[in-house]
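Asks: Coordinates for the following, if possible.
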Amino acid sequence: MKYIAVFITTGSEREAVRIARGLVKEKLAACVSIVRPVRSVYRWKGRIEDSRECLLIAKTKQGLFCALEGSVKRMHSYECPEIIAIPVNSGSKSYLRWISESTR
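Replies: Below is the predicted model of the structure:
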């Protein structure tokens with residue numbers, strides 16, 4: 001089985017908590033860590049933006065990415081939310097087993 005960590009940014013802690021709880025409730029992620037604040041500098045619609053955001057790190061199975069992405073897009077306020085997956089190349093066997101048992 002393959003595992004991923006999915007990075008998602010939000011504009012507020014309230015939104016971050018709502019998305020995190022939704023993903024865990026739907027069993028699309030075993031755990032979502034919320035890191036705040038993060039400072040993001042990016043180009044959007046021709047302008048350079050500088051924003052304080054929250055970063056969510058969702059731990060899940062690779063096969064759930066499409067469902068997780070759809071769920072985040074439904075819950076997210078951004079027009080184009082960051083939703084990127086990083087492969088987990090290795091990890092504690094007990095932790096990876098827990099991810100499997102805690103997700104669909």
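
Asks: Go ahead and name everything in contact with the helix or strand hosting residue 97.
Replies: According to DSSP states H and E, residue 97 maps onto helix 93-102. Under the criterion Cβ atoms under 8 Å, 6 or more residues apart in numbering, residues 1, 3, 27, 30, 31, 59, 60, 61, 88 lie in contact with helix 93-102. Bear in mind the C-beta positions are built from the backbone N, C-alpha and C, glycine included.

Asks: So which of those residues is the closest to residue 68?
Replies: Proximity of the contacts of helix 93-102 to residue 68 (Cβ to Cβ) peaks at residue 60, which lies at 6.1 Å.

Asks: in what helix or strand does that closest one lie?
Replies: Per DSSP H and E: residue 60 is located in strand 47-61.

Asks: where in the chain is pLDDT low?
Replies: For the chain, no stretch has pLDDT under 70.

Asks: where's the closest residue to residue 63 other than its chain neighbours relative to residue 102, distance?
Replies: Among residues not flanking residue 63 along the chain, residue 2 sits closest, at 7.6 Å (Cβ to Cβ, 6 or more residues apart in numbering). Using Cβ to Cβ, to the nearest Å, residue 2 is found at 16 Å from residue 102.

Asks: Which of those two has more residues huddled nearby?
Replies: residue 102 (15 against 11; other Cβ atoms under 10 Å).
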